[in-house]
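Asker: Fold the following, please.
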Amino acid sequence: MTLLFLLAAAAAGAGDSPQFRGPNRDGRFDEQGLLKTWPENSPPVAWAAKGLGKGYSSASVVQGKIYVPGMLDDQNANIFVLNLDGTVERKIPYGKETLIEQAPGSRSTPTIDGNRLYIISGLGVVYCIDLTKGEKLWEANVFERFKGENSTWHLAESLLVDGDRVICTPGGPDATVVALNKMTGETIWATKGLSDKPSYCSSAIVDHKGRRILLTETAKLVVGIDAGTGALLWTYDHPTEYDIHAVTPIYKDGLVYFSGGYGSGGGALELSPDGASVTLKWADKNLDSQHHGVVLVDGYLYGTSHNKGQLVCLEMATGKLMWSTKEIKQGAVVYADGMLYVYEGPKSGIVSLVKAVPTGFERTGKFTVTEGADNHWAHPAIANGRLYIRHGDALIAYNISGK
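Answerer: Purely as a prediction, here's the structure:
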């Protein structure tokens, strides 16, 4: 599998996490030498920073700085910039965030590209921030520009930087997915022939036989788009309750894995050699990941089921169920150094360390997040030997290095 986020990744050093779900947006973090078991209480807590405002965004970590968005009581949101010791160095205002009752606050994870930070609010405004000067360079209301309509629980997409473009999903007529010039915010392309509403998915770009394809999920569809031109290649109908599609599709060996919650399940689409069409290879109801992410490790998919409340392992090539367990319910799943990290929510806050093997479930660590408030929904981030958990207005850093 080849994911193409070279410029964003180039902004980060080894072990950094410059965007949502890691360097390649696939839930895999480039860390080695991490603990394979945890002490009974938890791995050592390095620090806990509080007062970061309301939000469910993950932390981005680049070159010794940590970036976390949060909304204060006046609806104004900031990028909180922390040092590696947990102290807040400064905060950079960027605009208003959503007040929607069930999940007020920020939800987009910042994407760091060089000295610029990109984020989209739940209200549909894309912001570009100069991190050197600590100020906004431009902003663009994509709902107004492309006549899109917000999703029920408001946008939760994390922006994709691809070369000179920043890509997002406003869901407008003939403009469901768009690419903006990352330096100016001007429109580069918008999809034609695609008018579905946005959901909560963060897009990814993959290389299929030399063709760069942007993969995402909208309210009712799995979508493939030519990443260079924005031309619509194909769609696949996948209805789910409340139009909640929030799991980034996964690519391997010509297959595209997709998933949705509420029992809608997922499956694998087989791409044609030119990537211009798809056919369903297999379907599955065991793994219906709602908004918690799925990771691919050595040909096997790991994620949690929304409907059945269990951790699941599937074989990517065939959809075969390798194992499942109700020892772990619904939670965000990420991977590093042979291990799965599962952060359960919305209420429990249990974090589990699990071996990423298809032979069976084996948990080697478990603790409960006690700092912060509100639902446990943010995806974990791993950078430079630390596990970062966002819970409400708190960010907790755990030392997980085995060195």
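
Asker: which of the residues in stretch 386-402 are buried?
Answerer: Counting neighbours by 16 or more other C-beta atoms under 10 Å, one finds that the buried residues in stretch 386-402 are 386-398, 400-401. Just so you know, the C-beta spots here come from the backbone N, C-alpha and C atoms, and that holds for glycine as well.

Asker: typo on my end, stretch 180-191
Answerer: Buried residues in stretch 180-191 (16+ other C-beta under 10 Å): 180, 182, 185, 187, 188, 189, 190, 191.

Asker: Just the ones in strands from the buried residues of stretch 386-402, please.
Answerer: 386, 387, 388, 389, 390, 391, 394, 395, 396, 397, 398 (DSSP state E).

Asker: where in this protein is pLDDT low?
Answerer: Residue ranges of the chain with pLDDT under 70: 1-14.

Asker: quick one, helices of it?
Answerer: For the chain, the helices defined by DSSP state H cover 6-10, 142-146.

Asker: returning to what we had before: quick one: the ones in strands among the buried residues of stretch 386-402 as TSV, columns for distance to residue 60 too.
Answerer: Putting these into TSV (distance: C-beta to C-beta, whole Å) gives the following:
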residue	distance to residue 60
386	13
387	14
388	9
389	14
390	11
391	17
394	17
395	11
396	16
397	14
398	17
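
Asker: So which of the residues you listed is the closest to residue 73?
Answerer: The shortest approach to residue 73 among these belongs to residue 394, at 16.2 Å (C-beta to C-beta).

Asker: The closest one: what's its closest spatial neighbour, skipping adjacent residues?
Answerer: Nearest residue to residue 394, sequence neighbours excluded (C-beta to C-beta, 6 or more residues apart in numbering): residue 372, at 3.4 Å.

Asker: residue contacts, residue 401?
Answerer: Residue 401 is in contact with 33, 34, 35, 385, 386, counting by C-beta atoms under 8 Å, 6 or more residues apart in numbering.

Asker: If any of the residues you listed are buried, put those into a ChimeraX selection.
Answerer: Those of the contacts of residue 401 that count as buried under 16+ other C-beta under 10 Å are selected in ChimeraX with:
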select :34,35,385,386
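
Asker: quick one: which of the contacts of residue 401 is nearest to residue 89?
Answerer: Using C-beta to C-beta, those come closest to residue 89 at residue 386, 17.2 Å.

Asker: partners of the closest one in the sheet?
Answerer: residue 383, residue 399 (DSSP bridges).

Asker: Hmm, residue 400 and it touching each other?
Answerer: Yes. Assessed by C-beta atoms under 8 Å, residue 386 is found in contact with residue 400 at 6.5 Å.

Asker: Correct me if wrong: residue 310 contacts residue 325.
Answerer: Yes. Applying C-beta under 8 Å as the test, residue 310 and residue 325 come out as touching, 5.9 Å apart.

Asker: So between the two, which is more surrounded?
Answerer: Legend: neighbour count by other C-beta atoms under 10 Å for residue 310 and residue 325, higher for residue 310 (20 against 15).

Asker: how near is that one to residue 287?
Answerer: Residue 310 is 9 Å from residue 287, where distance means C-beta to C-beta, to the nearest Å.

Asker: Could you do residue 323 as well?
Answerer: Distance of residue 323 to residue 287, computed by C-beta to C-beta: 12 Å.

Asker: between the two, what contacts are shared?
Answerer: residue 312.

Asker: Compare the two (neighbour count), which wins?
Answerer: Counted by other C-beta under 10 Å, residue 323 and residue 287 do not tie: residue 287 has more neighbours, with 28 against 15.

Asker: Now that one: closest residue in space that isn't a chain neighbour?
Answerer: In space, and not counting its chain neighbours, residue 287 is closest to residue 312: 4.4 Å by C-beta to C-beta, 6+ apart.

Asker: Which ones among the buried residues of stretch 180-191 map onto strands?
Answerer: Filtering the buried residues of stretch 180-191 for strands - DSSP E - leaves 180, 187, 188, 189, 190.

Asker: for these, which one is nearest residue 346?
Answerer: When those are compared for distance to residue 346 (C-beta to C-beta), residue 180 wins out at 32.7 Å.

Asker: ok, the closest residue to that closest one other than its chain neighbours - contacts?
Answerer: Residue nearest to residue 180 in three dimensions, not counting chain neighbours: residue 166, with 5.1 Å by C-beta to C-beta, 6+ apart. Counting by C-beta under 8 Å, 6+ apart, residue 166 touches 111, 118, 126, 128, 159, 160, 179, 180, 181, 182.

Asker: So what sits opposite the first one in the bridge?
Answerer: Meaning residue 111. With DSSP bridges applied, residue 111 shows beta-bridge pairing to residue 118.

Asker: contacting residues around it?
Answerer: By C-beta under 8 Å, 6+ apart, the residues touching residue 111 are 8, 18-20, 60, 117-119, 158-161, 166.

Asker: let's see it at 10 Å
Answerer: 5, 8, 11, 18-20, 25, 60, 67, 117-120, 158-161, 166, 182, 202 (C-beta atoms under 10 Å, 6 or more residues apart in numbering).

Asker: got it, and the fifth one?
Answerer: The contact partners of residue 159, taken as C-beta under 10 Å, 6+ apart, are 8, 19-20, 108-111, 113, 117-120, 126-128, 166-169, 180, 182, 202-203.

Asker: Now do it against residue 118, distance only.
Answerer: 5 Å.

Asker: And the fourth one, by the same measure?
Answerer: For residue 128, the distance to residue 118 equals 6 Å [C-beta to C-beta].

Asker: between the two, what contacts are shared?
Answerer: The overlap between the contact sets of residue 128 and residue 118 (C-beta under 10 Å, 6+ apart) consists of 159, 166, 180, 182.

Asker: out of the residues you listed, which one sits closest to residue 341?
Answerer: If you rank these by distance to residue 341 using C-beta to C-beta, residue 159 comes first, at 23.7 Å.

Asker: okay, and the common contacts of residue 386 and residue 400?
Answerer: Common contact partners of residue 386 and residue 400 (C-beta under 10 Å, 6+ apart): 31, 34, 43, 44, 46.
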